[in-house]
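**Q** structure, please.
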Amino acid sequence: MQDVSIEYAHIYTNNRINEEHEKSVQILSELKGDLDAGDQTFSLVVMVDDYSFPDPNFDYEEFSKWLGDKGFKPDLMIRESQLIPLCDEVISLIENGKLKAQITEYIKSKKYPCSLFVATWYLLRLGHLSFDIFPDELKAKKLINILPKSFKPFEDKGLEIIESTKFADAKSNIEYKFFEGRLIA
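**A** Next comes the predicted model:
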C-alpha cells in the first residue's frame, strides 16, 4: 500500500491536451518534491472520462506518452466507464435512503452521475473496494487530487456519497489541489 495516491491530468475523451493538463503536471511536480522530501511512497493515477462525452478517437497512447515526456508517466490510466460495475456496488453501500433514491432515479432518467464515479474512484484508491483492473499495490492511505476548481461541486457531491456509506471516515483521507481552469459544460 502506498502512502499517497495522486490523481492528475484528468481528461475527457472529447478534449485534447491543454493548459489544464499543463497546470496539473506543474502542480504535481511541486507536490512530488514535497513527498520525496518527506520520504512518502506514492502512485500516479489518471482518470480518462470516456463516459460523459465519449469520443472513440481519443488517443490514449499519445496522452500517456505526453505525460511520460513531462516526467510523470502514470502507474495506471483508467477509463471512467470501467468503473460502472463498482458504481453499482457503491449505490448498494449508500445508507441515506433519500440520496440513494436520487442517484437511482438520475441513472434511470439520464446516466451515472459524475459524483458517483468520484465516490467510487476514491473508495477504490483507498482500498475500500477491490477491482481486478486496479492493482492492490496502488491503493493508498491518502488521496491527493489535482483538479480544476470547476470540478468542485461534483467532488463535494462525491464526498457526500462517501459520507453516506460505512466508509464515511475515508473523507478525512482525501485532499485536493484545485487550480483555476476552464468552465466545464
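
**Q** so which bits of the lengthiest helix in the chain are buried?
**A** With DSSP state H setting the assignment, residue counts place helix 19-37 as the longest helix in the chain. Using 16 or more other CB atoms under 10 Å as the test for burial, helix 19-37 gives 20-21, 23-25, 27-28, 31-32, 35. (C-beta placed from N, C-alpha, C; glycine too.)

**Q** what distance separates the helix or strand bottoming out on mean pLDDT in the chain from the centre of its chain?
**A** Within the chain, confidence by mean pLDDT, DSSP states H and E is lowest for helix 19-37 among all helices and strands, at a mean of 92. In terms of CA atoms, centre = their mean, to the nearest Å, the gap separating the centre of helix 19-37 from the centre of its chain is 16 Å.

**Q** tell me which strands and helices the one helix or strand W66 maps to is in contact with?
**A** Secondary-structure assignment from DSSP states H and E places W66 in helix 60-69. Using 3 or more CB pairs under 8 Å, 6 or more residues apart in numbering; DSSP states H and E as the contact criterion, the elements in contact with helix 60-69 are strand 42-49, strand 76-79.

**Q** buried set for it?
**A** Those would be 63, 66-67, for helix 60-69 by 16+ other CB under 10 Å.

**Q** do stretch 105-123 as well
**A** Neighbour-count burial for stretch 105-123, counted by 16+ other CB under 10 Å, picks out 107, 112-123.

**Q** please compute how far that stretch lies from its chain's middle.
**A** That offset, for stretch 105-123, works out to 12 Å (CA atoms, centre = their mean).

**Q** give me the distance between the two termini of that stretch.
**A** With CA to CA, to the nearest Å as the measure, stretch 105-123 spans 22 Å from end to end.

**Q** same deal with stretch 47-61?
**A** End to end - CA to CA - stretch 47-61 spans 14 Å.

**Q** list the buried ones in that stretch?
**A** Buried-residue list, stretch 47-61, by 16+ other CB under 10 Å: 47-52, 58.

**Q** just these now: which is nearest I144?
**A** Lowest distance from I144 to the buried residues of stretch 47-61 (CB to CB) belongs to M47, with 13.6 Å.

**Q** how close does the closest one get to E105?
**A** Taking CB to CB, to the nearest Å as the criterion, M47 is separated from E105 by 25 Å.

**Q** picking up where we left off before, of all the buried residues of stretch 105-123, which two lie farthest apart?
**A** Using CB to CB, the buried residues of stretch 105-123 reach their maximum pairwise distance at I107 and Y122, which is 18.9 Å.

**Q** CSV for the buried residues of helix 19-37, including distance to N173?
**A** Shown next, in CSV, are the buried residues of helix 19-37 (distance: CB to CB, whole Å):
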residue, distance to N173
E20, 25
H21, 25
K23, 24
S24, 21
V25, 24
I27, 19
L28, 19
L31, 16
K32, 19
L35, 15
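
**Q** sweet, I'm off.
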